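Asker: Here is my input, please return the structure:
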Amino acid sequence: MNFTAKDVAALREKTGCGMMDCKKALTDANGDMEAAIDILREKGLAAAVKKAGRVAAEGVAFAEVSSCGKVGVVIEVNAETDFVAKNADFQAFVKTCADTVMENNPADVDALLACKAAGTDMTVDALLKEKIQTIGENMKIRRFVRYEGDCVSYVHGGGRIGVLVRFEADEAASGSEALQECGKDVAMQIAALNPLYLDETTVPAEDLEKEKEVLLGQIDNDPKNANKPQNIKEKMIVGRIKKFYEQNCLMQQAFVKNGDVTVAQYVEEMAKKAGGSMKVVDYVRFEKGEGLQKREDNFADEVANMVK
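Answerer: Just a heads-up that it's a prediction; the model follows:
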């Protein structure tokens, strides 16, 4: 057996399926977690697979756009506790980091650490170490993205989620109020629904083939459809792939403020309002602590250690 009881429990947590179903899926998948998830989906047992790897960690996801609206930055900086994440000094440090990325366009976090921090005579690395010492918690600059072009930023939940959207726009639409309004609405959509892809043309071929395999497995495991001719099954898959695009591709999603139109149609409407043309070409969504393991403290032990 190439898996443990902990693996079974982890698969159950990810999928919400029964323990025995998870054990059988891992057995059939020879211990491969992702393959086991696909097996459960094919059997229709995991209709809504829970997002894996999103254990909460503290810190801030922050996004901002330059005063000219032509450069945007989204960044995540982590701290150990929510208390420090809400600290004004910590939040000021996060903004300084974002400003530094905006001004210097560093290639990665290591390059950012070597930059002179915006508005100071210190490097970002030295400033970070100073904040760690004065605030009293470990802190880490985890990741950032910088865009050039017509950008709109959005921060949700006091830094729980940061979103940055980049447009391509002609002279009439560039910098317009309509573009700003549209960008804010699209960013809020991204924050709420977390689309995996920009549009159907950006879905990688391997992701699409994997989804088709899962869908075919669901059909083959459905007694009502299992014996249907292959050409009928393929037509069914085409219809279900369309649904896959509508759920996972930003531009094909129903617009949250008006479900009668897609996001793409909404952007077209706002372009007309601006008297020009514009389209969403990039976006990034950071959720604080995404994929990080949160520190788990035992409160009783902590109190006991304090009174020793």
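
Asker: Please make it C-alpha for all contacts and neighbour counts, starting now.
Answerer: Fine.

Asker: which sections of the stretch 201-308 of the chain are below the confidence cut-off?
Answerer: The stretch 201-308 of the chain contains residues with pLDDT under 70 at 293-308.

Asker: For it, just list every one of the strands.
Answerer: 254-255, 258-262, 278-287 (DSSP state E, counting those that start in this stretch).

Asker: which neighbours does the shortest one have in its sheet, and in what orientation?
Answerer: Translated: strand 254-255. Partner strands and pairing direction for strand 254-255 (DSSP bridges) are strand 258-262 (antiparallel).

Asker: And for the longest one?
Answerer: For strand 278-287, sheet partners with direction are given as strand 161-169 (antiparallel), following DSSP bridges.

Asker: ok, residues contacting the partner strand?
Answerer: Residues outside strand 161-169 that contact it (CA atoms under 8 Å, 6 or more residues apart in numbering): 60-64, 72-75, 147-156, 174, 183, 186-188, 190-191, 276-288.

Asker: With stretch 134-150 instead?
Answerer: Outside stretch 134-150, the residues touching it (CA under 8 Å, 6+ apart) are 69-80, 84, 101-102, 105, 108-109, 128, 132, 166-169, 174-175, 284.

Asker: so the lengthiest helix in the chain versus strand 258-262, what angle?
Answerer: As assigned by DSSP state H, the longest helix anywhere in the chain is helix 230-248. Going by axes from the mean of the first three to the mean of the last three CA atoms, to 10 degrees, helix 230-248 is angled at 120 degrees with respect to strand 258-262.

Asker: now helix 230-248, how far from the centre of its chain.
Answerer: 25 Å (CA atoms, centre = their mean, to the nearest Å).

Asker: swap in stretch 122-131?
Answerer: Stretch 122-131 sits 28 Å away from the centroid of its parent chain (CA atoms, centre = their mean).

Asker: With just CA atoms, put that stretch into CSV.
Answerer: Written as CSV, here are the backbone C-alpha positions of stretch 122-131 (Å, rounded to 0.1, in the frame of the first residue of the first chain):
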residue,chain,number,x,y,z
MET,A,122,17.7,51.5,3.6
THR,A,123,17.4,48.5,1.4
VAL,A,124,14.2,46.5,1.6
ASP,A,125,16.1,43.7,3.3
ALA,A,126,17.4,46.0,6.0
LEU,A,127,14.0,47.5,6.5
LEU,A,128,12.4,44.1,6.8
LYS,A,129,14.9,43.0,9.4
GLU,A,130,14.3,46.2,11.4
LYS,A,131,10.5,45.6,11.3
